[in-house]
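> Build me a structure from this.
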Amino acid sequence: FLISPSGGGGFLAWLVLFCFFFGGWGGGFWGPGGGGGGSCFPKDLSALIHIAGDYDYNAGLLKAVIEVNQGQRQRLVKKLQAQLKILKGKTIGLLGLAFKPNTNDLRDAPSLAIAATLHRLGSRIKATDPVVQELPATVPTPIKLYRDPYSLAKGCDALVLVTEWGEYLDLDFRRLAQSMNTLVFVDGRNVLDPAKVESYGFTYIRMG
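Residues are numbered from 1 along each chain as shown. Here you go, the predicted model:
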């Protein structure tokens with residue numbers, strides 16, 4: 001790295017190394033969706049911003065990352081608004097609650113932020129998750145849990161894929177469509193085949 005340690009360059013070099021080689025942020029961590037979650041991401045970003053301040057470096061980029069990450073959750077809701085127009089009284093089903101697959105961790109989970117916004121706008125929120133079977137008492141938003149996507153879909157005006165669990169990558173869309181009020185599917189992780197979803201009469205909405 002040909003970066004001078006003066007003027008914050010040393011911090012920049014360290015930051016680049018951190019982001020590329022720290023396992024928690026590597027590989028599949030980055031991708032489209034309703035924002036990252038978990039306890040490590042915001043904690044590590046805050047630590048980096050603090051370290052940057054120790055070096056008299058304005059970590060504007062890192063602060064922007066936090067802002068954009070939070071904004072992605074609202075962006076997903078806006079996509080629902082654009083399609084359904086009025087969310088008050090609508091029933092929205094969330095596929096996935098944990099902040100990532102293969103965990104039951106709900107800390108800073110995008111699903112909870114999305115649910116809170118939908119509730120504020122007057123929507124009824126339903127959800128399913130292969131691992132999360134109950135919500136902690138600290139979650140203030142009323143969310144009704146269902147055992148699987150098909151019982152969840154009944155009466156929904158839209159389904160939103162929030163967590164890319166393997167179980168949700170090969171859904172029976174014909175079965176889902178039979179019990180929904182409105183065939184709207186928001187792929188919050190851009191992991192499904194749009195043509196396949198649309199072939200069952202769904203309006204398919206992706207991030208990006």
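
> show me where pLDDT drops low in this protein?
For the chain, the stretches with pLDDT under 70 are 1-50, 52-55, 59-73.

> Helices along that one, start to end?
With DSSP state H as the criterion, the chain has helices at 9-21, 40-54, 60-84, 110-120, 149-153, 173-177, 194-198.

> And the fourth one, what does it pack against?
Helix 110-120 is packed against helix 60-84, strand 91-95, strand 124-128, with contacts defined by 3 or more C-beta pairs under 8 Å, 6 or more residues apart in numbering; DSSP states H and E. C-beta here means a position set from N, CA and C on the backbone, and glycine is covered the same way.

> Around Gln74, how many other residues sit close by?
14 (other C-beta atoms under 10 Å).

> Need the nearest residue in space to it, chain neighbours excluded.
Thr117 (6.4 Å; C-beta to C-beta, 6 or more residues apart in numbering).

> so the one you found makes contact with Leu80?
No: with contact defined as C-beta atoms under 8 Å, Thr117 does not count as touching Leu80 (9.7 Å).

> So between the two, which is more surrounded?
Neighbours were tallied for Thr117 and for Leu80 using other C-beta under 10 Å; the higher tally belongs to Leu80 (23 against 19).

> Please give me every residue in contact with that one.
Shown in contact with Leu80 (C-beta atoms under 8 Å, 6 or more residues apart in numbering): 87, 92, 118, 158, 160, 184, 186, 205.

> ok, those vs Lys144, which is closest?
Of all the contacts of Leu80, Ile92 has the smallest distance to Lys144: 11.1 Å, by C-beta to C-beta.

> roughly how far apart are the closest one and Thr141?
Here Ile92 is placed at a distance of 12 Å from Thr141 (C-beta to C-beta, to the nearest Å).

> Also Ala195?
In terms of C-beta to C-beta, Ala195 sits 34 Å off from Thr141.

> Between these two, tell me which one has more neighbours.
Remark: of Ala195 and Thr141, Thr141 carries more neighbours, 17 against 8, as counted by other C-beta under 10 Å.

> Now do the contacts for that one.
Going by C-beta under 8 Å, 6+ apart, the list of residues near Thr141 reads 112, 115-116, 119, 125.

> For those residues, which single residue is the most surrounded?
Busiest of those [other C-beta under 10 Å] is Ala115, holding 28 neighbours.

> Cool, thanks, signing off.
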